[in-house]
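# let me see the structure of the following:
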Amino acid sequence: MPAHRLLLVIVALLVASVVACSPSSDRGGPTRVALVGDSVTQGSVGDYTWRYRLWTHLRADGLKVDFVGPRDDLLDNATGELGSHAYADPAFDQDHAARWGMAFSDEQPPVATLVRDYHPDVVVEALGVNDLVWAHEQPAQVLAAARRFVADARAVDPYIDVVLTSLPQRWLAGVPQYDAGLARLAARLDTSIARVVLARPVEPFVQGTDTYDAAHPTATGELKIAAGVADALAGLGLGTPYPEPLPPVPNGPRLPAVLRARPAEGAVDLSWVPPPGATAVFVWLRDTTIGQDWVRLPQEVSGTTFSAGGLVDGHGYEFRVQATKGSAVAEDVFSNVTIATPGPPTTPEGAPPTAG
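The predicted structure is shown next:
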């Protein structure tokens, strides 16, 4: 091949490589963002997810953003099966690369495959808690895995930007040490052509308020994670930092249960259809005959039935239930109110008396 033609081929290949690896936004398309994580990122039935809250923020900024990845689903926490799409609000780009139980040691797909198949401009990594808690790895081991994650992404696209997300569950063993090391790792790996930045969920992040169990975020927790990621993306020139103070959002299931009541002697039998994602309900009642205020029974009720006993026959009672998801109580959402009057079964008109 003549020397000038060989030079033209080399130049063409170099240009094609730069175009393939340059951000989509530089080519007029949306910025492609891959969100890689575990159950905290994927979410379960009835959740908005922090992905939703990040999406709405970026869209409010007027950005063209495309979330990419092989999944778009939630876990059904009632059946334990993946594949649900029962989001609290499905009106957002649901694509992601997260899965319940995923760890650095069990990436599905591996980040190199994800980058090759979906061509993200930015990868947001939010793994590590399962490595620490379930695989019992030391923080140094998990930090080494985070380093490999960045290296594997860069092996496919040397210009890719990566956001490393601190773990919010600082009450879990190893998390504070991991988070401290992750900040140092991001600073060491950051370059002018392939950025690595740290996302810190907004603090304080409180167990039992910002989570509904030991790990998974409530609505307030979702917002704090999303705000931290939005701030990191703003550091890459993608959008603006999340406005503070953060807006108030209610925790607990957002849809009401549907309640039914059937009177019995000295009792009323309740049954209900729970809202998506609910794990239990609180039962409320009041005796309308004596003008009683609403009283919440002290214990949560799991399942879908309950018999309210110790009632006065002939009195009118109103009932409602309030759904929970773990420790998150829907303080502002109640079922329909049902009315029942306990008493002995009535004898149908015209029926012969029962022999005593």
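
# show me what the helix or strand encompassing residue 131 is packed against.
Under DSSP states H and E, the secondary-structure element containing residue 131 is helix 129-133. On a contact count with 3 or more CB pairs under 8 Å, 6 or more residues apart in numbering; DSSP states H and E, helix 129-133 meets helix 139-156, helix 175-189. Every C-beta, even on glycine, is put in place using the N, C-alpha and C of the backbone.

# show me where the stretch 201-350 of the chain has its strands.
Taking DSSP state E, counting those that start in this stretch, the strands of the stretch 201-350 of the chain run over residues 258-264, 267-273, 280-287, 295-296, 305-309, 317-325, 328-329, 338-340.

# kindly reformat these as TSV containing mean pLDDT.
Putting those into TSV (pLDDT from 0 to 100) gives the following:
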stretch	mean pLDDT
strand 258-264	99
strand 267-273	99
strand 280-287	99
strand 295-296	98
strand 305-309	98
strand 317-325	99
strand 328-329	98
strand 338-340	98
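
# that older thread, how far off centre is the helix holding residue 131?
Between the mean C-alpha location of helix 129-133 and the chain-wide mean there is a distance of 17 Å, by CA atoms, centre = their mean, to the nearest Å.

# export the strands of the stretch 201-350 of the chain to CSV and tack on distance to residue 58 and mean neighbour count?
Shown next, in CSV, are these (distance: least, CB to CB, whole Å; neighbours: other CB atoms under 10 Å):
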stretch, distance to residue 58, mean neighbour count
strand 258-264, 35, 17
strand 267-273, 35, 19
strand 280-287, 35, 20
strand 295-296, 40, 12
strand 305-309, 43, 14
strand 317-325, 26, 23
strand 328-329, 26, 25
strand 338-340, 43, 18
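
# and those: which comes nearest residue 78?
When the strands of the stretch 201-350 of the chain are ranked by distance to residue 78, counting by CB to CB, first place goes to strand 317-325 at 11.1 Å.

# what about that closest one, distance to the chain center?
Distance, centroid of strand 317-325 to centroid of chain: 25 Å (CA atoms, centre = their mean).

# swap in stretch 325-332?
Per CA atoms, centre = their mean, the displacement of stretch 325-332 from the mean C-alpha position of its chain is 15 Å.

# just the CA trace of that stretch, in CSV.
Backbone C-alpha positions of stretch 325-332 (Å, rounded to 0.1, in the frame of the first residue of the first chain) are rendered in CSV as follows:
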residue,chain,number,x,y,z
LYS,A,325,-43.4,-0.8,54.0
GLY,A,326,-41.0,-2.0,56.7
SER,A,327,-40.5,0.9,59.1
ALA,A,328,-41.9,3.4,56.6
VAL,A,329,-45.5,4.4,57.5
ALA,A,330,-47.8,6.1,55.0
GLU,A,331,-48.7,8.9,57.5
ASP,A,332,-50.8,10.7,55.0
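
# fine by me, thanks again.
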